[in-house]
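# Would you be able to build a 3D model of this:
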Amino acid sequence: MSFRVNTQKSSCEEIEQALEKYSLTYTKLVFPENCYLLDSSFSESDLWKLRIYKDWKIYLQSISSQVPVHFFSDLSQVSPSKGEMKSPIRILDATAAPWGKTSQLASLYPDSEIFAFESSKVRCDKMLYNLQKQWIQTQGGSSLLNSESSPQWERRVTCIHDDIANIWKYITQEAYFDLILVDAPCSSEWSISLHDTKFLENWDISHVKKNYRRQKAICDSVVPYLKDAWEMIYCTCTLAPEENEAVVHYLLCHYPELTLDSVSTPKNKYIKTKAALSSFEWHPFKKEVSENCLRIIPSEYSEGFFIAKLLKTAL
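Numbers count the residues shown, from 1 in each chain. This is a model prediction of the structure:
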């Protein structure tokens with residue numbers, strides 16, 4: 001069981017004191033930042049009784065899921081300090097639910113303006129409620145939204161209930177965003193287990209093909225809204241090459257303004273990685289894909305993930 005500290009409400013010191021008070025042994029990871037792993041003798045239910053859980057001071061999120069947003073640039077190194085900025089950093093979370101990465105982005109970029117799209121009304125309402133509980137300022141229609149934010153927090157997320165293909169209705173200006181995250185809906189093949197065949201009962205290759213088409217469409221919708229010299233991260237939690245390397249290959253072929261930046265993680269036993277594939281079946285991928293993209297291998301600590309970081313250059 002892994003989780004991260006909600007730095008909008010708490011600190012690593014407070015969380016560690018609470019865990020030690022209840023004799024919950026843990027490991028603090030160096031990477032991802034603010035990530036903790038409970039000893040295997042404990043489970044999620046052991047956290048439920050803690051005040052830090054009830055007060056949303058920690059957020060349950062897998063290790064692999066916490067990794068992608070850390071590959072965005074450290075904007076403190078390239079942007080003016082707070083108070084001197086003429087406009088906030090603009091971030092697009094193209095497929096936001098289940099919103100773990102949305103709140104992560106709000107924490108990592110506290111002066112940013114985030115637009116989070118979600119096509120399901122129910123999930124969008126839950127996202128608003130969830131972000132509000134974490135003291136992240138939000139806007140968007142929802143009967144679940146309560147006025148509970150603290151005035152000391154200046155973070156803002158605009159939650160939009162609509163398909164990302166309709167982004168033009170909300171953002172009329174192209175090249176609007178500095179950072180774009182596409183945590184794409186996928187076939188979630190990481191969850192296949194030889195000990196539990198339930199997943200395979202409903203699995204079909206048509207799911208992979210459908211997701212491949214949908215993932216390309218999502219990327220096609222958002223690429224025009226990325227500013228020159230800025231970054232887009234594409235990631236999934238599936239193992240299927242059609243939904244990973246093939247999508248990045250498609251982007252490189254159809255958008256000459258996009259290039260890949262290499263991503264890698266510090267070596268440790270909690271995040272096992274390998275390079276992306278150079279080909280699959282009879283389909284070769286561009287050389288840059290295998291040289292720069294990253295696969296996180298499913299393990300006892302984390303699920304499988306695929307991550308690519310794309311940069312947009314002026315033509």
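
# what lines up beside whichever strand or helix holds Leu310 in the sheet?
Element membership for Leu310, per DSSP states H and E: strand 305-312. Here strand 305-312 is paired, per DSSP bridges, with strand 226-236 (antiparallel), strand 258-261 (antiparallel), strand 294-296 (antiparallel).

# What are the contacting residues of the helix or strand that comes right after the second one?
I take that to be strand 258-261. Using DSSP H and E, the helix or strand that follows strand 258-261 towards the C-terminus is strand 273-275. Contacting residues not belonging to strand 273-275 are listed as Ser264, Thr265, Ser290, Glu291, Cys293, Leu294, Arg295, Ile296, Ile297 [C-beta atoms under 8 Å, 6 or more residues apart in numbering]. To be clear about C-beta, it is placed using only N, CA and C from the backbone, and glycine gets the same treatment.

# For the strands paired with strand 305-312, give me CSV that also has mean neighbour count, mean pLDDT and distance to Asp163.
Listed next are the strands paired with strand 305-312 as CSV, based on neighbours: other C-beta atoms under 10 Å; pLDDT from 0 to 100; distance: least, C-beta to C-beta, whole Å:
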stretch, mean neighbour count, mean pLDDT, distance to Asp163
strand 226-236, 20, 96, 18
strand 258-261, 16, 97, 22
strand 294-296, 22, 95, 28
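
# ok, now which ones touch Lys287?
Ser278.

# try the one 10 residues further on
With C-beta under 8 Å, 6+ apart as the criterion, the residues that contact Ile297 are Lys272, Thr273, Lys274, Gly304.

# From those, pick the one nearest Val222.
Gly304 (23.9 Å; C-beta to C-beta).

# Could you double-check that that closest one lies in contact with Thr236?
No. In terms of C-beta atoms under 8 Å, Gly304 does not count as a neighbour of Thr236; the distance is 9.1 Å.

# What are the boundaries of the helices in the stretch 51-200 of the chain?
Ranges of helices in the stretch 51-200 of the chain, per DSSP state H, counting those that start in this stretch, are 51-54, 63-66, 100-108, 121-133, 198-201.

# of all those, which lies closest to Ser278?
Going by C-beta to C-beta, the one of these nearest Ser278 is helix 63-66, 22.4 Å.
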